[in-house]
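Peer 1: My questions are about this predicted structure, shown below with the sequence.
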Amino acid sequence: MDEVAKILISGAGPSGLVLALSLRKNGIPVRIIDKEFGPRIGERGAGVSPRSLELHKILGTFSEVYGDGKPIPLRREYDPLDGHKPVKTFPMLPSSDSSAGVPHPNFVLLGQNHHERILRSHLKELGTTVEFGAELRNFTQSSGKVHVEIVHHIADGKEEIEQTAVAWLVGTDGAHSVVRKSLGLDFMGETLEDIETVIGDFRISGSSREYWEHWGDRKSSVTYLRPSAQESDVSTFLIAGKINREITSDPQTIIQAFYNISGRRDIVIKDVIWSSRYRANIRMVKQVRVGRVFIAGDAAHCHSPMGGQGLNSSIQDSFNLSWKLALVEKGYAQESLLDTYAEERLPVIAEMLNKTTELLTDRFGEAAPQPSRTEKIRADMTQLGVNYRGSSIILREGAESGSIQNIGYSKESVDAALPGDRAPEAPGLIDVADTPALTVYGLLSPRRHSVLIFSDGFSDKDLDAISDLLHQQSKDTVYGILIQSLQTPRVGHNDKFDRVLSDNAGHAYATYRVTGPCIVVVRPDGVIGARVAEPSGVVQYFKGVFNV
């Protein structure tokens, strides 16, 4: 890329890649480096939540992620005394039916290595490739710049040192983050020393596994085997409990531990593709920004593997930060907008961290499992109820403010379509130019606010005023979408808005619960920033975000 990078991202996992891709779609030059010598192998972080799928729609990566992903397999538990005897087969997560507002309500299974490959491919199309073998070693800040030292690891153990400067630095460099440590940020929480775990991938001969299988006794040792969604001969394993500390030193000891617990020597393991000893870290920071340096993803918070929140929360960190950082870098917003990254994300992380810790305790703790509580918590793992209703940049008006005023998780926020909630999907929107049917998420973009103007209840004069207001904003920062119902078709506004659509099936009016004059401002991260009945409300929202 010929452009000089404005932002350096250290760490090329899902969080860093999503951040880089979103910034590139905003036209911001970025560099993304990773100390590894090439793409990571392994199927870790394989559950992609419904909310993450929605963000992939905005990012333009949904078709590959959803197309390559598969449904989460059923879980099958075996008799601890007879590993060949199934005793229970059931869904890992509650399953929901699709609807107009939530067409993809269930997790999909996609190995993190495949997930990252898709993101790297899209990033490469925009002219940015991951710089592998490049390690951030030091950085300092001065007015308007971050001075960084990057070590490039080359052949024969040699190193080349690069000194450069960028406008911003973001550490998405994992739980052992150099950026977090260099900033001196406390990583509060605990490491659960009594839950010893080895994770990795097996290559297995014979027919592919069908279930997410579980053997052993939770009071001693257990092992799991989960088939890959993409490779028929690969299964991810987990071995936990009272296990030999030496089993990671030799693949054969891992295989033997699996056989000892499962009793399933009929499962022929050809190879251990990768493995790692793991202890559950339950940690998060209190601060995600120091000056011109940020942290996101595992660098800012570590979850237990229960509930599939680590990767998904990390992706949402990046999406929350990217549009704000892009607006500030372009000069369209004040730097104070960046403070809302911590304001909005840290309460959500804290709440989801508590939920995943409860799942871990329920699974491996001393007390007997509580299935009803576990099922309730697992239902929240979709992240569709994450809301920022209490955020300082969310505009709430009267009755539209809803009963919840905090930031966190609420089932009400899944489909209430109120300020701070996720924007619902809505299919079947027909362009007046007779193009194929569109959906709300097909119109959203990481580079702009999308303003949905539901025409019912507005006069032609009102619509002219709204159009004038939108055209006063900086170029490419807002996108006006007039949505007409079948009951009140309008003419003469085709040239006043970016899109004029007919809600022929009534899905948009229904999922957004429109009963009168209504303007919904959807942020670039798919969150409703404002829901108002007058153009003056849109002006008020823009004042809280843009330099207006």
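Peer 2: Happy to help now that I have it.
Peer 1: first to last residue in stretch 418-437, what's the distance?
Peer 2: 25 Å (CA to CA, to the nearest Å).
Peer 1: Off-centre distance for that stretch?
Peer 2: Remark: stretch 418-437 is offset 22 Å from the chain centroid, using CA atoms, centre = their mean, to the nearest Å.
Peer 1: Residue numbering should commence at 818 henceforth.
Peer 2: From this message on, residue numbering opens at 818, which makes the last subject stretch 1235-1254.
Peer 1: In it, which residues are buried?
Peer 2: In terms of neighbour count (16 or more other CB atoms under 10 Å), stretch 1235-1254 has its buried residues at 1235-1247, 1249. The way it works is simple: take the backbone N, C-alpha and C, and place the C-beta from them, glycine included.
Peer 1: List the ones among those that fall in strands.
Peer 2: Among those, the residues falling in strands (DSSP state E) are 1246-1247.
Peer 1: Among the buried residues of stretch 1235-1254, which pair sits farthest apart?
Peer 2: 1237 and 1249 (31.6 Å; CB to CB).
Peer 1: what about the strands in the stretch 818-967 of the chain?
Peer 2: 824-827, 847-851, 864-865, 887-888, 892-896, 899-907, 925-926, 948-949, 951-959, 962-970 (DSSP state E, counting those that start in this stretch).
Peer 1: tell me the most buried of the ones you listed?
Peer 2: strand 824-827 (a mean of 27; mean count of other CB atoms under 10 Å).
Peer 1: Other residues contacting that strand?
Peer 2: By CB atoms under 8 Å, 6 or more residues apart in numbering, the surrounding residues in contact with strand 824-827 are 833, 836-837, 840, 845-851, 953, 963, 965, 983-990, 995-996, 1142, 1146.
Peer 1: Tell me which residues touch residue 1201, please.
Peer 2: 867-868, 919, 922, 1230-1231, 1239.
Peer 1: Give me the local confidence score for residue 1226.
Peer 2: Predicted confidence (pLDDT) for residue 1226: 85.
Peer 1: Now do the phi/psi pair for the residue lying closest to it once chain neighbours are set aside.
Peer 2: Of all residues not flanking residue 1226 in the chain, residue 1202 sits nearest, at 4.9 Å (CB to CB, 6 or more residues apart in numbering). Dihedral pair for residue 1202: phi -90, psi 0, per degrees, to the nearest 10.
Peer 1: ok, residue 1202 - contacts?
Peer 2: Residue 1202 neighbours (CB under 8 Å, 6+ apart): 1226-1231.
Peer 1: Which among those residues count as buried?
Peer 2: 1226-1227, 1230-1231.
Peer 1: Closest to residue 1043 out of the residues you listed?
Peer 2: Once CB to CB is applied, the member of the buried ones among the contacts of residue 1202 that ends up nearest residue 1043 is residue 1226, at 26.0 Å.
Peer 1: what separates that closest one from residue 1102, distance-wise?
Peer 2: 20 Å (CB to CB, to the nearest Å).
Peer 1: and what of residue 1340?
Peer 2: 24 Å.
Peer 1: And residue 1002, by the same measure?
Peer 2: Distance, residue 1002 to residue 1102, by CB to CB: 5 Å.
Peer 1: Need the residues touching each of these two.
Peer 2: In contact with both residue 1002 and residue 1102: residue 1112, using CB under 8 Å, 6+ apart.
Peer 1: Look at residue 1340 and residue 1102 and report which has more neighbours.
Peer 2: residue 1340 (25 against 20; other CB atoms under 10 Å).
Peer 1: quick one, helices of this structure?
Peer 2: For the chain, the helices defined by DSSP state H cover 831-842, 867-876, 879-885, 929-942, 995-1000, 1068-1079, 1127-1147, 1156-1181, 1188-1196, 1257-1260, 1277-1288, 1324-1328, 1352-1362.
Peer 1: among these, which gets the worst mean confidence?
Peer 2: helix 1188-1196 (a mean of 61).
Peer 1: that older thread, find the pair from the contacts of residue 1201 with maximum spatial separation.
Peer 2: Taking CB to CB, no two of the contacts of residue 1201 sit farther apart than 922 and 1230, at 14.5 Å.
Peer 1: hmm, back to that, may I see the helices of the chain organised as CSV, with mean neighbour count and distance to residue 1036 added?
Peer 2: Below are the helices of the chain laid out as CSV (neighbours: other CB atoms under 10 Å; distance: least, CB to CB, whole Å):
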stretch, mean neighbour count, distance to residue 1036
helix 831-842, 27, 35
helix 867-876, 24, 34
helix 879-885, 16, 38
helix 929-942, 18, 31
helix 995-1000, 20, 36
helix 1068-1079, 18, 13
helix 1127-1147, 26, 26
helix 1156-1181, 19, 10
helix 1188-1196, 14, 17
helix 1257-1260, 20, 46
helix 1277-1288, 16, 62
helix 1324-1328, 21, 47
helix 1352-1362, 18, 53
